[in-house]
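Novice: next come a sequence and a model predicted from it.
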Amino acid sequence: MKLVVYLNNGKENVVTVVQYDKEKINEDLNNQQLTTVIIGDMIFSRHSVVMVAPQNETSIQ
């Protein structure tokens, strides 16, 4: 499954995950003891992530 990770600098990153565990991603992003989070095969500063959402396959250009 492909996810879009929206960052606070306006950039969007598309990552591929085997399973979309939104509860785990939410837990990691809200864990103040973490500096970074792993989503798919990318590492993000948890402070820079604004939103994570499934990519809408019909909107690919």
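Specialist: Sure, I can see it.
Novice: pretty sure residue 6 contacts residue 44?
Specialist: No: with contact defined as CB atoms under 8 Å, residue 6 and residue 44 do not form a contacting pair (10.6 Å). In this view, the C-beta of every residue, glycine as well, is placed from N, C-alpha and C.
Novice: give the other helices and strands that the helix or strand that contains residue 6 contacts.
Specialist: Mapping residue 6 onto the secondary structure by DSSP states H and E places it in strand 2-7. Contact partners of strand 2-7 among helices and strands, from 3 or more CB pairs under 8 Å, 6 or more residues apart in numbering; DSSP states H and E: strand 12-16, strand 42-45, strand 49-54.
Novice: ok, which of the ones you listed comes nearest residue 25?
Specialist: Of all those, the one in closest proximity to residue 25, counting by CB to CB, is strand 49-54 (5.5 Å).
Novice: now do the closest one against strand 12-16, angle only.
Specialist: With axes from the mean of the first three to the mean of the last three CA atoms, to 10 degrees applied, the angle from strand 49-54 to strand 12-16 works out at 40 degrees.
Novice: so which bits of strand 49-54 are buried?
Specialist: When burial is assessed from 16 or more other CB atoms under 10 Å, strand 49-54 yields the following buried residues: 49, 52.
Novice: please name every helix or strand in contact with that strand.
Specialist: When contacts are defined as 3+ CB pairs under 8 Å, 6+ apart, strand 49-54 packs onto strand 2-7, helix 22-29, strand 36-39.
Novice: low-confidence ranges, this protein, go.
Specialist: Segments of the chain classed as low confidence (criterion: pLDDT under 70) are 57-61.
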